[in-house]
Every structure is written in C-alpha cells, then in structure tokens.
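J.: okay, sequence plus prediction incoming.
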Amino acid sequence: MRLVFQFSFFSCIFIPTKNPMHTRIGEIQSYLQHNDHSLAVRRILDASLDTADMTLLKEAIQVSQSYRQYKETIVPPAFFESAHALLNRINNATERFTYQTTLLVTARDIIKTYAAGNFSLRPISLQIHTGDVIGVVGENGNGKTTLLRCIAGQLALDSGDLDFAQLKEPDHYDIKHHLAFIPQRIPRWYGSLKDNLHFSAAISGVTGEVNNVMVDFMLERLDLTPYAHLTWSQISSGYRTRFEIARILLQKPRLLILDEPLANLDINAQQSILTDLQFMAKSVHNPMGILLSSQQLHEVEKIADTVLLIKNGSCLFRTGELEKTATAFVVELETTASRAALVNALNGQGVLQYNGGFYTITSSALRAQDILAKLVKGNIPITYFRDITHSTKRFI
Ligand SMILES: Nc1ncnc2c1ncn2[C@@H]1O[C@H](COP(=O)(O)OP(=O)(O)OP(=O)(O)O)[C@@H](O)[C@H]1O
C-alpha cells in the first residue's frame with residue numbers, strides 16, 4: 001500500500017487557464033493535489049516536452065526519477081516543491097502557445113483486394129488531423145490491419161486515393177518518413193534497449209547531448225528506465241511494445257499508426273498507454289495524429305475522437321453517426337439473477353437478449369439510468385453494467 005503525504009501548499013496555487021497549456025498545467029496540479037502522483041509525473045514529462053527546452057526536460061526527468069524512489073513509501077514535501085516549481089517554469093515557457101490542428105491525410109474510397117484469397121476492403125474514407133485519435137475496431141480477420149497498412153502506404157490500392165496534405169507528390173520514401181507504423185509483431189532487435197534508443201534517435205538526426213536527454217526522457221516516459229540495460233529476450237512482450245513506442249516517438253512522427261498496440265499489455269497498461277497516446281496526440285506544441293486498431297473497443301472508445309467499426313472489410317459504423325442513428329437505449333448487464341427476475345424488474349419496458357455471459361437490454365422508453373434504477377429497485381444483483389447506446393459494441 002502506498003502511504004501518501006498531503007502537502008497543503010497546493011491549496012494556495014493558482015495558475016490562470018487562459019491558454020491550452022495553462023489548462024493542462026492546472027490539470028496536473030489537480031492530479032498532485034489528489035495524490036494521483038504517477039499520472040502527474042507522466043503529464044509533467046509531457047508538458048516539459050511541449051516546451052522543447054532541454055533544461056526543463058532534464059528537470060522533469062529528475063522529478064520522475066525521484067518519484068520512482070518514493071513508490072510504496074511516503075512522498076515527501078521536497079517532491080511536491082520541485083514538481084510545483086517545474087510546473088511554474090513550464091507555465092512561463094509556454095505563455096504564448098496556441099493550439100492548432102493540421103490536416104495530415106485524407107483517404108477517399110479506398111479499396112483493396114488481396115491477389116490471393118477472398119478478402120476485400122470495401123470503400124472506406126477518413127481524414128486524420130494532428131490531435132486526432134482514430135480507433136479502428138472489429139473482430140479478427142475483418143480488415144483492420146489491411147486498412148492501416150493501406151493508409152500507411154504499405155499496400156497498393158485497387159482504387160480510391162490517399163492524399164498526404166503535408167507532402168507534395170510523395171513517393172514511398174517520403175510517406176515512410178512522414179509517418180510511423182508500429183506493427184502487431186514487433187521485429188527483434190539486438191543489443192540493449194537503451195543503446196537501441198540512442199541509435200534510433202541518432203538516425204533521425206538527434207545527436208550529442210540532446211540524444212542523451214531525449215533517450216533518458218523516453219525511458220522515463222514509457223516506464224522503461226529499470227529495463228534500459230536489458231536485451232530483447234530479457235523483457236516481456238508488453239515492454240517490447242513500450243520500447244517500440246519510445247523508439248518511434250524519438251523520431252517525432254506527425255502521424256502514428258499502431259496495429260493492435262494493446263495486444264501484449266495488461267489491463268492497467270492498456271488504460272495508461274491509451275490515455276498517454278491521447279495526451280501526446282493533443283500535445284499543444286507538437287501534436288500528432290494517431291490511428292490505431294484494437295479489439296478492446298470499450299478501451300478505445302474511451303479515448304478516441306472517432307471509432308470505426310470494421311466488419312467484413314466494410315466500415316459498418318463510426319461514432320458520431322451512431323449517435324444520430326440510435327433509436328433505442330441499450331445496456332449490457334452481467335447478473336446472477338434469472339431472466340424471469342429481470343423481466344419482472346423491468347416491468348415489460350425492455351427487450352432482453354442473452355449473449356452468453358451478458359444480457360443486453362434494449363428499451364425505447366428507459367434511459368440507462370432508468371434501467372439501472374429499476375434493476376436496483378427490483379433487488380437485482382449486478383456485477384457489470386454498461387450503457388452501450390452510443391457504442392460500436394451494439395453491432396458486434
Ligand atoms: N497478404 C495477404 N494475402 C491474402 N489475404 C490476406 C493477406 N493479409 C491478410 N489477408 C486476409 O485478409 C483478411 C483481413 O485481414 P486483416 O489482418 O486485415 O484483419 P484484422 O481485422 O486486422 O485481423 P486481426 O484482428 O486478426 O489482426 C483476413 O481474412 C486475412 O486472412
């Protein structure tokens with residue numbers, strides 16, 4: 001159990017929230033105030049990166065390294081003092097920052113059929129701007145990877161077109177350097193994790209002292225510092241995913257495409273990597289567009305601006321459209337109660353469907369909270385409840 005030291009100094013901090021960076025800094029202060037230290041440290045690292053100031057970056061690395069010593073113990077006032085002092089300096093350094101989005105890529109009616117096999121990706125269109133997080137969800141074999149590889153320029157299209165707004169008449173080489181693609185199976189590397197990061201940064205033109213600082217930064221940011229000296233075979237597949245994200249981020253891509261990044265991560269790491277990616281995409285100074293595929297649709301829906309549900313190669317729905325088309329309220333429920341008890345509690349105002357493990361309740365009259373109220377009133381034991389009215393889950 002972690003013991004927490006409450007530092008009253010924070011109650012008197014005030015930073016006006018007139019620009020997006022100030023809003024972010026205000027949020028970080030709130031994390032610190034509410035003892036969400038780990039999240040605060042990750043966000044301090046991100047905010048320092050936004051300043052592109054090596055001195056602030058080094059201080060943020062120190063704050064993060066010192067925090068690691070306090071895990072499982074009392075977090076002392078000195079940690080809060082240095083974190084707060086750094087936040088003030090970041091705030092001053094970002095005084096004139098404004099947030100702008102830029103169009104990165106437009107895919108229009110792209111179609112792909114593999115020469116071998118029967119699979120076709122049907123016409124799919126989408127746009128990605130800096131700051132966007134776009135999730136592609138669907139069951140196995142429905143075309144998520146194919147769509148991502150088409151947009152990454154790795155597969156030749158049968159028809160439709162791909163327009164990279166920032167590139168004039170791009171060839172494969174230009175596209176490859178404009179975006180970063182993290183595949184589902186991460187290729188093996190040799191040597192230590194840290195040496196590989198130094199190398200990766202160097203071939204992207206990051207050299208000298210900046211190379212050292214950026215590698216230390218990424219090691220801290222992706223929680224890799226304790227594993228820095230280890231090799232491929234000495235780290236778990238989840239940490240290989242983190243390594244690959246660190247390696248790619250050192251190249252500062254404008255567009256990041258990740259195929260099933262959650263596949264090897266435990267549930268806590270899934271949540272934190274997704275919220276971290278969302279935060280990095282919306283970086284005030286250096287925003288990027290993110291396109292990712294996953295089968296974890298609830299997790300992706302929590303952080304993505306748009307979610308595309310792919311079924312048999314077609315885009316069945318995308319969030320936003322769902323809200324317009326929803327004609328009934330739908331919830332998902334796990335209970336030990338019998339169907340008869342549920343029907344009785346709902347008093348005929350919902351249609352029940354059992355999907356093996358879960359019930360789905362559809363009602364045109366009752367909103368999720370009304371359904372919940374009726375179930376509670378009917379003394380129905382509930383182990384899981386989720387409103388999926390606006391979720392792509394309705395269509396799976
Ligand atoms: N190179 C290829 N040649 C022929 N068929 C292929 C090729 N790559 C994929 N396919 C087929 O295309 C279909 C879609 O595959 P894809 O990998 O895009 O699906 P997915 O939704 O990403 O699946 P998963 O969740 O299992 O990764 C599958 O039926 C697959 O067998």
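T.: It's in.
J.: low-confidence bits of the protein, can you list those?
T.: Along the chain, segments meeting pLDDT under 70 span 1-18, 72, 320-326.
J.: what residues does it put near the ligand?
T.: With C-beta under 6 Å from any ligand atom as the criterion, the chain meets the ligand at residues 114, 116, 117, 119, 138, 140, 141, 142, 143, 144, 145, 146. C-beta coordinates here come from the backbone N, C-alpha and C atoms, glycine included.
J.: inside helices: which ones of those?
T.: The members of the residues of the chain next to the ligand that map onto helices under DSSP state H are 144, 145, 146.
J.: so the first one touches residue 257, yeah?
T.: No. Between residue 144 and residue 257 no contact is recorded; they are 11.2 Å apart, counting by C-beta atoms under 8 Å.
J.: packing partners of the host helix or strand of residue 50?
T.: Using DSSP states H and E, residue 50 sits in helix 37-51. Helix 37-51 sits against helix 20-33, helix 54-70, helix 77-93, helix 208-221, helix 267-281, with contacts defined as 3 or more C-beta pairs under 8 Å, 6 or more residues apart in numbering; DSSP states H and E.
J.: test my guess that residue 229 contacts residue 196.
T.: No. Judged on C-beta under 8 Å, residue 229 makes no contact with residue 196 at a distance of 11.5 Å.
J.: enumerate every residue touching residue 172.
T.: Counting by C-beta atoms under 8 Å, 6 or more residues apart in numbering, residue 172 touches residue 153.
J.: mind checking how far it is from residue 155?
T.: Using C-beta to C-beta, to the nearest Å, residue 172 is found at 11 Å from residue 155.
J.: circling back: any of the residues of the chain next to the ligand buried? List them.
T.: 138, 142, 143, 144, 145, 146 (16 or more other C-beta atoms under 10 Å).
J.: how about those residues in a markdown table, adding distance to residue 359?
T.: Converted to a markdown table, these look like this (distance: C-beta to C-beta, whole Å):
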| residue | distance to residue 359 |
| --- | --- |
| 138 | 23 |
| 142 | 25 |
| 143 | 30 |
| 144 | 28 |
| 145 | 32 |
| 146 | 34 |
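J.: out of those, who's nearest residue 96?
T.: residue 144 (40.4 Å; C-beta to C-beta).
J.: from residue 194, how far off is the closest residue to residue 234 other than its chain neighbours?
T.: For residue 234, ignoring the flanking residues on the chain, the nearest one in space by C-beta to C-beta, 6 or more residues apart in numbering is residue 227 at 7.9 Å. Plainly put, residue 227 is 9 Å away from residue 194 if you go by C-beta to C-beta.
J.: wait, doesn't residue 296 sit right on residue 269?
T.: No. In this structure, residue 296 is not within contact of residue 269 by C-beta under 8 Å, at 11.7 Å.
J.: looking at those two, which has the bigger crowd around it?
T.: residue 296 (19 against 16; other C-beta atoms under 10 Å).
J.: now that one: how far from residue 137?
T.: 8 Å.
J.: then residue 221?
T.: 26 Å.
J.: same deal with residue 124?
T.: 14 Å.
J.: give me the more crowded residue out of the two.
T.: Applying other C-beta under 10 Å to residue 124 and residue 137 shows that residue 137 carries more neighbours, namely 28 against 24.
J.: report the beta-bridge partners for that one.
T.: Under DSSP bridges, the beta-bridge partners of residue 137 are residue 294, residue 309.
J.: mind listing what it touches?
T.: Applying C-beta under 8 Å, 6+ apart, we find residue 137 in contact with 144, 293-297, 300-301, 307-310, 392.
J.: how does it look with 10 Å?
T.: Contacts for residue 137 (C-beta atoms under 10 Å, 6 or more residues apart in numbering) come out as 144, 292-301, 304, 307-311, 317, 319, 391-393, 396.
J.: which of the residues you listed are buried?
T.: The buried subset of the contacts of residue 137 - by 16+ other C-beta under 10 Å - is 144, 292-297, 299-301, 304, 307-311, 317, 319, 391-393.
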